[in-house]
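Asker: Show me the folded form of this:
(chains A and B)
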Number of protein chains: 2
Amino acid sequence: MSHPHPELALPAPLPGDALRVVPLGGLGEVGRNMTVVEHAGQLLVVDCGVLFPEETHPGVDLILPDFEYIADRLDDVQAIVLTHGHEDHIGAVPYLLRLKPDIPLVGSMLTLALVEAKLREHRITPYTLGVREGNRERLGVFDCEFVAVNHSIPDALAVCIRTPAGTILHTGDFKMDQLPLDRRLTDLRAFARLGEEGVDLFLTDSTNAEVPGFTTPEREIAPAIDKVFRHAERRIIVACFSSHVHRVQQVLDAAEKAGRKVSMVGRSMIRNMGIAADLGYLHVPDGILVDFKKLGDLPDDRIVLICTGSQGEPMAALSRMANRDHRIEVGPGDTVLLASSLIPGNENAVYRVINGLMRLGATVVHKGNAKVHVSGHASAGELIYVYNIVKPRNVMPVHGEWRHLVANAELARATGVPADNVVVVEDGVTVDLREGQARVSGAVPCGYVYVDGSSVGGTTETLLRDRAILRDEGFVSVIVVMDSVSGKIVAGPEITARGFAEDDEIFEDIRPKIVTALEDATRGGVADAYQLQQVIRRTVGSWVGGKIRRRPMIIPLVIEA
Amino acid sequence: MSHPHPELALPAPLPGDALRVVPLGGLGEVGRNMTVVEHAGQLLVVDCGVLFPEETHPGVDLILPDFEYIADRLDDVQAIVLTHGHEDHIGAVPYLLRLKPDIPLVGSMLTLALVEAKLREHRITPYTLGVREGNRERLGVFDCEFVAVNHSIPDALAVCIRTPAGTILHTGDFKMDQLPLDRRLTDLRAFARLGEEGVDLFLTDSTNAEVPGFTTPEREIAPAIDKVFRHAERRIIVACFSSHVHRVQQVLDAAEKAGRKVSMVGRSMIRNMGIAADLGYLHVPDGILVDFKKLGDLPDDRIVLICTGSQGEPMAALSRMANRDHRIEVGPGDTVLLASSLIPGNENAVYRVINGLMRLGATVVHKGNAKVHVSGHASAGELIYVYNIVKPRNVMPVHGEWRHLVANAELARATGVPADNVVVVEDGVTVDLREGQARVSGAVPCGYVYVDGSSVGGTTETLLRDRAILRDEGFVSVIVVMDSVSGKIVAGPEITARGFAEDDEIFEDIRPKIVTALEDATRGGVADAYQLQQVIRRTVGSWVGGKIRRRPMIIPLVIEA
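Answerer: Model (predicted):
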């Protein structure tokens, strides 16, 4: 197993008999999945997703892959293959198409419909090529075959990429539910056939590689959902991901059995379920849907609401209900069902919502107290099956933090893939396949690109460090106006602080100290504004450090007037 | 079950035949446990702990209970009873004793030793009364009996408080490990005896009330620890809480069996284990400890390090090792064991440490992949046993978020406690016991009191809101110097921004707009600095909102010179 290395150089030009895989996102993190495959001067992009920021990225809206590696070779990109319609696989497409809008998008019908809806908001009309399982398409030098896989969104595909330099099989996100609601299985017969033909490099989903055993089938949560419907006295409010068509299907089915009407709440839920229903992925029983505004006409025990906010997002419907800041006033007798995972890092936000809803008297059912969620990813047991069926020559785990990639690599080795042929790398580390052997060949830029308001890429690490200081310590700004001729203070020091101390009186102490320090400095011949600012910074810094034991950001400004 | 009510008034004066319980912390949150018991003009405090801040409290070091309710009645406080030595039960004692240093502290030997060590850092020498299980002490009007309970720190006690108005039994934190390492069981015989005598109000630990079944005995993690010792090729680095004496004992025992030496790392670990060893709670095998500085003399496969940092705390030894910022250079062959819980909210930090250590080549064993941790709190099955043994007249769940308190209340009702006698309340809501019936009687102040650097209570909600804006959006400050006579701009606008935009050039746009807006305003007769500042705020605000779609804090300053 190879480890990423900060000293890795840019990879050498690719020989004609070789294939290069460049992970630009999703390896070493959960999100912004994007892989570039390169052969004979041509590029194929597989997925182009976003990463959702955590507390170390204050104020950031989204994180994109760094497109630098392909930015001046966009004419060489044959297509962007999208394995499925989740944000971490399609969310960055608009930002890539801004650079070159005519790169074709290739994906299944549902995937394309979801990415097209997203692109409409960015006013981009893409070139698309719809494919389905079993299809084989030549995309430049890349001969692609699409294979059905099962995931927490319908119509997901794995892609097999044949080139003269070797064959890659990329699973995308997948699991192996053997009794899926839509009867669309992960196509192990195709995996077996491709394995027989020879898979030189196998890129496999690592998300659940640490989880022993097998992922529970989606249909096994039906009893827990039915139980909620049997016991609910008043309204039932279901929160889940707005892309989880099968989960919503189960809720619709349960509502139909119970004789309840359903209303969708939230823009993304309404939009995605509309798309899924139009395309036939979601079966909506006749007359079951009711407009949110007409809910008042129905008795509470005939109502089901399906909304977003299962991760405790503060602006989503569910959080606002918990804070009594929503038209739906949750109260005793209402039942809230969080039919979703709990993404690590969201615990506090989710428990705040749960406590808020319970405080209002609602019964809250969630994965902590009932079997109301199953994962969308293959667990260790399933991954082992796949390795044994495909028997790949080389393995490169994708989609996961380092711990997930390492766990997945260990599974590959356990099935007999030689340790030297299992390549564990993080974003930016390039892997070349040549003469049947995968090897690390170098590294390319792969930093975080931040979307922050209307700015893409303008937010830097320095800016985020500043925000972190401001968050923890606040700032103190000191302004002094000096006469440009006499060098005397004519106004100030004006001291402004935010996030630091409520009471401006504590600065009464420091004001004379600043005046004295400035007078000392100017008497000593210093008159340069920059140097005087340094004097102010030192004086204030040592005072707050000593007196209040804090290290706020200190911003001195000497203005000559 | 009663719910807390924001409209609750201060409780009426307490009748002579009644008893009042005032939870000042720990109900509706996990931490800062503090309960005041009141009878006949006298007060008894049970526990006085801190709450650790989360991301909604940026920059805050600690959160204390609000002492306002007792602040002008400190002479009536008979004692502070400490149930055990965890920070969330003793951490706020120094802040309360600052107000009145001679309030006696009552607790077990280990508990008092830990709180005394803490008080030494605050230069306070307390009055103490050491007690042990079976002891009965009169503390003013409160006749207290102490009962052994089992928890994740030795020497924990429940306290039974007899008064003329009724008897309270307060469990503190507890579980019912039936085969504890130190053979000190939760004393169910005493619980039974007190139940026979009659417990009028039972305050029970709710932390694990949502967890079905029984908490696994501490000794059942020994096989997983032994496995780590059998397979480790080089050093073993164990991270756990610095108060978890039994966990450290298990590591010492395993090290002795394996012929390894042990070094403690980190101030709190060294201090607490020193205290535990001195008092006989920790058995340290002869010659097993070795000074950290002498580790270089030993081969790697004879070394065990025990350190703090199991929650991903950035300044602790373990995080620094993961960041290659520690004398111990972790590498391939080293094994790191996180023998600890994963407190909700710490997931991202802990996984960052795990990924960092794995990237350096270490094997990392944690509760996610091995049975190396058990909880210190009674699960639902144990709580039901206790309710059936005590058969209390009234129940008031303590220690937990709202969801935990509600789950615990449901267990009490399931064992036959009448619903009207189960009082679910959050911090500040007072409960009176009169004629055998517990009832909500009002509410008292119970806000968060923040320790922030050297300031206690100076940090307000406004300040935290400011910090949150600064964290997400940064700030823009605009300074203009005006001639106090002519009203003309003589210097500026000087624009300074932090956390907002890297490139000062983007302000070139706005500078002339500010000048124009100010000129318009002064021509219209406005000359007041405050009003001109508002003009600046509006001009800048609409520009950044429109141009960059952000809402930074805007700080205008007009200086007259």
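Asker: which residues in the stretch 51-200 of chain A form strands?
Answerer: Ranges of strands within the stretch 51-200 of chain A are A:62-64, A:77-81, A:105-107, A:128-130, A:136-139, A:142-149, A:156-163, A:166-170, based on DSSP state E, counting those that start in this stretch.
Asker: Show me what the last one pairs with in its sheet, parallel or antiparallel.
Answerer: To tie it back to what came earlier, the one meant is strand A:166-170. Strand A:166-170 pairs in its sheet with strand A:156-163 (antiparallel), strand A:201-205 (parallel), by DSSP bridges.
Asker: can you list these in a markdown table and add mean pLDDT and mean neighbour count?
Answerer: Placement of C-beta: from N, CA and C, glycine included. Output for the strands paired with strand A:166-170, formatted as a markdown table (pLDDT from 0 to 100; neighbours: other C-beta atoms under 10 Å in any protein chain shown):
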| stretch | mean pLDDT | mean neighbour count |
| --- | --- | --- |
| strand A:156-163 | 98 | 25 |
| strand A:201-205 | 98 | 28 |
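Asker: So which of those is nearest A:Val336?
Answerer: strand A:156-163 (28.9 Å; C-beta to C-beta).
Asker: List of residues touching the closest one?
Answerer: With C-beta atoms under 8 Å, 6 or more residues apart in numbering or on different chains as the test, strand A:156-163 has contacts from A:19, A:37, A:39-40, A:44, A:46, A:81, A:83-84, A:107-108, A:111, A:131, A:133, A:141-150, A:167-174, A:186, A:191, A:194, A:199.
Asker: coming back round to it: so for A:Ser484, which of the strands paired with strand A:166-170 sits nearest?
Answerer: Proximity to A:Ser484, assessed across the strands paired with strand A:166-170 by C-beta to C-beta, is greatest for strand A:201-205 (65.3 Å).
Asker: what angle do the closest one and strand A:142-149 make?
Answerer: Interaxial angle, strand A:201-205 versus strand A:142-149 (axes from the mean of the first three to the mean of the last three C-alpha atoms, to 10 degrees): 40 degrees.
Asker: Contacts for the longest helix seen in chain A next, please.
Answerer: Assignment by DSSP state H gives helix A:529-547 as the longest helix of chain A. Counting contacts by C-beta under 8 Å, 6+ apart, the residues outside helix A:529-547 that touch it are A:476, A:478, A:480, A:482, A:493, A:506, A:509-510, A:513-514, A:517-518, A:521-522, A:526, A:550-552, A:554, A:556-560, B:454.
Asker: Show me which residues of that helix are buried.
Answerer: Neighbour-count burial for helix A:529-547 flags A:532-533, A:535-536, A:539-540, A:543-544 (criterion: 16 or more other C-beta atoms under 10 Å in any protein chain shown).
Asker: And for stretch A:64-71?
Answerer: Counting neighbours by 16+ other C-beta under 10 Å, one finds that the buried residues in stretch A:64-71 are A:64-67, A:69-70.
Asker: re earlier: I'd like to know which elements the very next helix or strand once past the longest helix of chain A is packed against.
Answerer: Once the chain leaves helix A:529-547, the next helix or strand it forms, by DSSP states H and E, is strand A:553-560. With contacts taken as 3 or more C-beta pairs under 8 Å, 6 or more residues apart in numbering or on different chains; DSSP states H and E, strand A:553-560 sits against helix A:461-473, strand A:475-482, helix A:529-547, strand B:475-482, strand B:489-498.
Asker: do that again at 10 Å, thanks
Answerer: Here strand A:553-560 touches helix A:461-473, strand A:475-482, strand A:489-498, helix A:529-547, strand B:475-482, strand B:489-498, going by 3 or more C-beta pairs under 10 Å, 6 or more residues apart in numbering or on different chains; DSSP states H and E.
Asker: mind checking how far A:Ala254 is from chain B?
Answerer: According to C-beta to the nearest C-beta, to the nearest Å, A:Ala254 and chain B sit 24 Å apart.
Asker: what's the pLDDT at that residue?
Answerer: What the model reports as pLDDT for A:Ala254 is 95.
Asker: same question, A:Leu24
Answerer: For A:Leu24, pLDDT reads 97.
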